[in-house]
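Chemist: next one to model:
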Amino acid sequence: MITGFSELTLESADPEALARFYIDCFGLQALSREDDRIWLGAGDSARLGIWKPGEKEFGDEGGAHVHFAFAVEPGRLARLHERVTRYGLEVEGPHEHDGGDRSMYVQDPEGNVVEAWDYFERGRRVDGLAESHGNDNGDGQLEEEMAR
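Modeler: The predicted model follows:
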């Protein structure tokens with residue numbers, strides 16, 4: 001039923017500055033601006049929201065997260081790495097993983113950890129992650145446990 005993420009929202013005291021970071025550093029495009037938020041296009045089917053702190057519709061209140069990842073076309077990670085380092089950021093990676101996919105990590109000005117990863121853009125599927133990370137023994141046990 002779920003086909004992927006459609007949006008992710010980050011909280012920022014200065015949405016304009018954080019939006020500028022994602023536009024300049026990662027090449028995202030501004031979609032719209034409202035009083036308390038900015039929406040940026042992240043690929044063809046997702047958007048990144050940058051919202052001022054405070055209660056929003058549907059009870060959203062903001063909070064901390066571990067990290068998130070942008071999908072990157074194969075062969076483009078090195079170019080993105082160059083772009084990000086020109087912005088003056090310290091980059092961890094790129095790291096090469098089993099199967100040939102690669103990723104890198106950087107912190108945005110608000111301290112959010114951002115990953116750029118070419119796994120899915122290589123035509124690989126999420127079910128391969130369970131096998132490669134040892135999360136499932138292949139008999140569907142993890143899926144059954146999560147359904148409980």
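
Chemist: other SSEs contacting the lengthiest helix in the chain?
Modeler: As assigned by DSSP state H, the longest helix anywhere in the chain is helix 15-26. For helix 15-26, the elements it packs on are strand 29-33, strand 37-41, strand 47-51, helix 77-86, judged by 3 or more C-beta pairs under 8 Å, 6 or more residues apart in numbering; DSSP states H and E. The C-beta positions use only the backbone N, C-alpha and C, and glycine is treated the same way.

Chemist: quick one, that helix and strand 47-51 angle?
Modeler: Orientation check (axes from the mean of the first three to the mean of the last three C-alpha atoms, to 10 degrees): helix 15-26 against strand 47-51 gives 150 degrees.

Chemist: looking at the helices and strands packed on helix 15-26, which is buried most?
Modeler: Among those, ranked by average contacts under mean count of other C-beta atoms under 10 Å, first place goes to strand 47-51 (a mean of 22).

Chemist: how about the contacts made by the closest residue to residue 36 other than its chain neighbours?
Modeler: Closest residue to residue 36 apart from its sequence neighbours, by C-beta to C-beta, 6 or more residues apart in numbering: residue 52 at 4.5 Å. Contact analysis of residue 52 by C-beta atoms under 8 Å, 6 or more residues apart in numbering lists 11-13, 15, 36-37.

Chemist: hmm, 10 Å instead?
Modeler: For residue 52, the contacting residues are 11-15, 34-38, 62, by C-beta atoms under 10 Å, 6 or more residues apart in numbering.

Chemist: ok, of the residues you listed, which come out buried?
Modeler: Listed as buried from the contacts of residue 52 are 11-12, 15, 37-38; burial here means 16 or more other C-beta atoms under 10 Å.
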